[in-house]
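Participant: With the sequence up front, the predicted model follows.
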Amino acid sequence: MKRRLITIFAGILSMVLLLTACGGNGQDQSKQQTVIVGVYGGDWEKNIKPILEKFEKDTGIKVQTVSGADSEWFTKLKASNGKNPPYDLLILQPDTIQRGIAANVLNPIDEDQAPNVKKLYRSVQKKLTVDGKQYAAGFSMGQLGIAYRKDLVKQEPNSWTDLWSSQLKGKVAISSPTYSAGLQFFSALVHAQGGTESNPKDIDKAFKSLAQLKGHVAAFPDNPGSIQTLLERGDVAAVPYWDGRSFALEEEGMDIGFSYPKEGAVAAVASWALTKGSQHEEAAYKLLNYLSGKEAQEAFSEKSYYGMSNSDVKYGDKIKGKVKVGENYYSKLTWVDYETATSELGNWTNRWNEVLGGGK
């Protein structure tokens, strides 16, 4: 009888220990230590992968990456309605962050759980804050300026209005507002003329200027590959483009320069956002904190040629002195008014096609 009681007690103890290891609710603890992250494909995924692998090694938390883009991620987040979303952490553009906040599918950041967020430039975080709550943590600070072929341009274009100069007649590429670089350039033009996207008169003024640019435009690219090909062939000499991609082309051997226009480059910031209803919130916070830190951001900058959002980042020789960074500079960036742009995009695109011919 005594032996039987001992056997029963041992069995009960084993079950208690098993439940404890599973978090007390029958859930496998290993699943709680997995974080699902949405990242952009191509070079972006290639650049971030070794950083995520180091996080895995240092913490023991498994990182499952899903490559994709803002539109598909947002669609799935909205469908989840804040309950068990398919991702825990996403890299998003400002317009998607705005839509995510409006749809109530993003979680505001608790800095106590991700203290490295306190090291991010305040001017950037202010743009990601609504009603006193930060809904994303800035990461790579892409900036739209003017990429140009040094051998084909006599004088560096240091103003957006230089695209209208005689030296660039027939040598400019301009993207449609349906492509992110095109929309950012249109915003730059509006702001360079002292206007805002929400003022119809300022929009009219911008389209009048675009009409005068028509004779200068040789191509209408709608993706990075097309822009690179046009510059490589010398089909165009200047194009509104991002600094990191331009510096990368220069590093590959292209005779290319990049100008941050004096009226202001346009922010093309990629930021990390936590999803509402995540089943792996603790792990997601640990990864968010790591990606907001100096070490991870320095590693990404070295591979991507972009400036970063952490104020402690030190830049390597490849881009040091080239990329413009810092609070004094970031605070003066132009940010697209996506709230207006989202509702007006169809109208702006039609007018753009009428004025410039839509590439036809």
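Facilitator: Yep, it's here.
Participant: For residue 183, see how far away the residue nearest in space to the middle of the chain is.
Facilitator: With distances taken as Cα atoms, centre = their mean, the residue of the chain nearest its centroid is residue 270 (1.7 Å). Using Cβ to Cβ, to the nearest Å, residue 270 is found at 16 Å from residue 183. From N, CA and C alone the C-beta is placed, and that goes for glycine too.
Participant: Could you do residue 334 as well?
Facilitator: In terms of Cβ to Cβ, residue 334 sits 12 Å off from residue 183.
Participant: for stretch 220-239, which positions count as buried?
Facilitator: Buried residues in stretch 220-239, defined by neighbour count with 16 or more other Cβ atoms under 10 Å: 220, 221, 224, 226, 227, 228, 230, 231, 236, 237, 238, 239.
Participant: give me phi/psi at the second one?
Facilitator: For residue 221, the backbone dihedrals (degrees, to the nearest 10) come out as phi -70, psi 150.
Participant: Chain neighbours aside, what residue packs nearest to it?
Facilitator: Closest residue in space to residue 221, ignoring its immediate chain neighbours: residue 227 at 4.7 Å, by Cβ to Cβ, 6 or more residues apart in numbering.
Participant: what's the answer for the last one, then?
Facilitator: Nearest non-adjacent residue to residue 239, counting by Cβ to Cβ, 6+ apart: residue 173, 4.0 Å away.
Participant: what sits against that neighbour?
Facilitator: Under the criterion of Cβ atoms under 8 Å, 6 or more residues apart in numbering, the neighbours of residue 173 are 217, 218, 219, 220, 221, 227, 230, 235, 236, 238, 239.
Participant: Could you tell me how far the fifth one is located from residue 111?
Facilitator: Put plainly, it is residue 221. Residue 221 is 40 Å from residue 111, by Cβ to Cβ.
Participant: Who has more neighbours out of residue 334 and residue 183?
Facilitator: residue 183 (25 against 21; other Cβ atoms under 10 Å).
Participant: which residues does that one contact?
Facilitator: Per Cβ under 8 Å, 6+ apart, neighbours of residue 183: 177, 336, 341, 345.
Participant: Do a quick rundown of the helices in this structure.
Facilitator: 2-21, 29-32, 43-59, 70-80, 94-102, 122-127, 180-192, 200-213, 224-233, 243-251, 281-291, 294-304, 327-330, 338-356 (DSSP state H).
Participant: For the third one, buried residues please.
Facilitator: Same thing as helix 43-59. For helix 43-59, by 16+ other Cβ under 10 Å, it's 44, 45, 47, 48, 51, 52, 55.
Participant: which one's the longest strand in this protein?
Facilitator: Ranked by residue count under DSSP state E, the longest strand found in the chain is strand 137-149.
Participant: can you give me the offset of that strand from its chain's centre?
Facilitator: 10 Å (Cα atoms, centre = their mean, to the nearest Å).
Participant: That one: partners in the sheet, and parallel or antiparallel?
Facilitator: strand 238-242 (antiparallel), strand 256-259 (antiparallel), strand 266-275 (antiparallel), strand 307-308 (antiparallel) (DSSP bridges).
Participant: Please parse this protein into its domains.
Facilitator: According to automatic domain parsing, the chain comprises the domains 33-141+268-324, 143-266+334-359.
Participant: mind giving me a markdown table with these and columns for mean pLDDT?
Facilitator: Formatted as a markdown table, those follow (pLDDT from 0 to 100):
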| stretch | mean pLDDT |
| --- | --- |
| domain 33-141+268-324 | 96 |
| domain 143-266+334-359 | 95 |
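Participant: ok, and what's touching stretch 200-210?
Facilitator: 164, 186, 189-190, 193-197, 344, 348, 351-352, 355-356.
Participant: Can I get the buried part of these as one ChimeraX selection?
Facilitator: Filtering those down to the buried ones (16+ other Cβ under 10 Å) takes a single ChimeraX command:
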select :164,186,189,190,195,197,344,348,351,352,355,356
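Participant: how deep is residue 273 tucked in, by neighbour count?
Facilitator: 28.
Participant: Tell me who's in contact with it.
Facilitator: Residue 273 neighbours (Cβ under 8 Å, 6+ apart): 89, 90, 91, 92, 97, 100, 106, 135, 136, 137.
Participant: go again using 7 Å as the cut-off
Facilitator: 90, 92, 97, 100, 106, 135, 136 (Cβ atoms under 7 Å, 6 or more residues apart in numbering).
Participant: again, but for residue 158
Facilitator: Contacts of residue 158 by Cβ under 7 Å, 6+ apart are 259, 261, 262.
Participant: Pull out the buried members of the residues you listed.
Facilitator: 259, 261.
Participant: What pLDDT does the model give residue 20?
Facilitator: Per-residue pLDDT puts residue 20 at 45.
Participant: Same check on residue 8?
Facilitator: 46.
Participant: Tell me who's in contact with the closest residue to residue 56 other than its chain neighbours.
Facilitator: Among residues not flanking residue 56 along the chain, residue 63 sits closest, at 5.4 Å (Cβ to Cβ, 6+ apart). Residues in contact with residue 63, defined by Cβ under 7 Å, 6+ apart, are 35, 37, 52, 55, 56, 287.
Participant: what's the farthest-apart pair in the residues you listed?
Facilitator: Within the contacts of residue 63, 37 and 56 form the most distant pair, 11.2 Å apart (Cβ to Cβ).
Participant: Having no further points to raise, I will conclude here.
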